[in-house]
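Peer 1: Next come a sequence and a model predicted from it.
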Amino acid sequence: PFEKPMARTRDTIDICRKVWSGDKVTHDGKAYSLPYDGGTGLGKPLKFMNRPPVRDIPISIASIGPKNVELTAEVADIWQTIHFVPDRFEQVWGEALKTGLAKRDPEKKPLEIIAGQFVAIGKGDHIQEARDAARGLIGFYVGGMGAKTKNFYNDLFKRYGWEEEAEEIQDLFLSGKRMEAFAAVPEEYIDLSALIGDEGFVRERIQVFKEVGVTHLNVSPIGPDPLKQVEMIKAWSE
């Protein structure tokens, strides 16, 4: 699955857009070709039998590696982030986004960015519950989503500047000490990535997300009235 990942992503997007156009689809890419080169030789370009009701379908790419983020900025409509820390946005993503945006078709709309995490507003037990949830989520990804030598989320955590913590979390998790691994997640990460705290803190953090270009917040509310929290986030984001 890791063979030619960049070419596969680019070709897949190109092919999807050709299909949605309603025209006959041909493609000669580095990863895929249509009609298929390895077939009987009888293949021919095909198109939708019916007129596509929507031809401009936004494409979102979930990417974290520098080269994949660069490709996202070049060809996608939306960048779907994960474990996003806006305060360290420039040092981790700045160069990749700059390079990708420089190659972006000027006729395309500006790149949209989705980011966010757990939300808990106010005071009470739900605040600690949300912090524990955030700690468990990142601890699982950094510690166990991959082998010791191939964990993209662990690599990301190190790029954020938490090298020692990333190593400790992974060592604990892979040795079966999950709760200890979660406890090793730095409080600073939760403060910077999640929207957990009183109204003033959450409002301030939303502005930090907006300042680095985040256009949509994808949140998971925790607390007695999750819908109210979503409405508050929506109002403060405008």
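Peer 2: Perfect, I can see it now.
Peer 1: which residues in the chain form strands?
Peer 2: 27-28, 33-34, 60-62, 78-80, 112-115, 118-121, 195-197, 216-217, 220-221 (DSSP state E).
Peer 1: can you list the residues that contact the lowest-mean-pLDDT helix or strand in the chain?
Peer 2: Across the helices and strands of the chain, mean confidence by mean pLDDT, DSSP states H and E is lowest for strand 33-34: a mean of 92. Applying CB atoms under 8 Å, 6 or more residues apart in numbering, the external contacts of strand 33-34 come out as 15, 25, 26, 27, 43, 45. (Each C-beta comes from the backbone N, C-alpha and C, glycine too.)
Peer 1: hang on, the earlier thing: now tabulate the strands of the chain in TSV and tack on distance to residue 95 and mean neighbour count.
Peer 2: Listed next are the strands of the chain as TSV, based on distance: least, CB to CB, whole Å; neighbours: other CB atoms under 10 Å:
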stretch	distance to residue 95	mean neighbour count
strand 27-28	30	12
strand 33-34	32	18
strand 60-62	18	15
strand 78-80	15	20
strand 112-115	16	20
strand 118-121	29	24
strand 195-197	27	24
strand 216-217	23	16
strand 220-221	30	18
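Peer 1: Could you dump those into CSV with distance to residue 5 added?
Peer 2: As requested, the strands of the chain are arranged in CSV below (distance: least, CB to CB, whole Å):
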stretch, distance to residue 5
strand 27-28, 18
strand 33-34, 18
strand 60-62, 11
strand 78-80, 16
strand 112-115, 21
strand 118-121, 29
strand 195-197, 32
strand 216-217, 25
strand 220-221, 28
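Peer 1: so which of those gets nearest residue 238?
Peer 2: Nearest to residue 238 among the strands of the chain is strand 216-217 (11.3 Å), distances taken as CB to CB.
Peer 1: The closest one: partners in the sheet, and parallel or antiparallel?
Peer 2: Take DSSP bridges as the rule and strand 216-217 pairs in its sheet with strand 112-115 (parallel).
Peer 1: And for the partner strand, what's in contact with it?
Peer 2: Under CB under 8 Å, 6+ apart, the answer for strand 112-115 is 58, 60, 77-81, 84, 86, 209, 213-218.
Peer 1: May I ask which two of those residues are separated the most?
Peer 2: Put simply, by CB to CB the two of the contacts of strand 112-115 set farthest apart are 58 and 86, 22.5 Å from each other.
Peer 1: Who has more neighbours out of those two?
Peer 2: residue 86 (22 against 10; other CB atoms under 10 Å).
Peer 1: count of residues packed around the closest residue to residue 30 other than its chain neighbours?
Peer 2: Distance criterion CB to CB, 6 or more residues apart in numbering; nearest residue to residue 30, sequence neighbours excluded, is residue 7 at 3.9 Å. The number of residues packed near residue 7 is 14, by other CB under 10 Å.
Peer 1: For residue 7, give its distance to residue 38.
Peer 2: Residue 7 sits 16 Å away from residue 38, taking CB to CB, to the nearest Å as the criterion.
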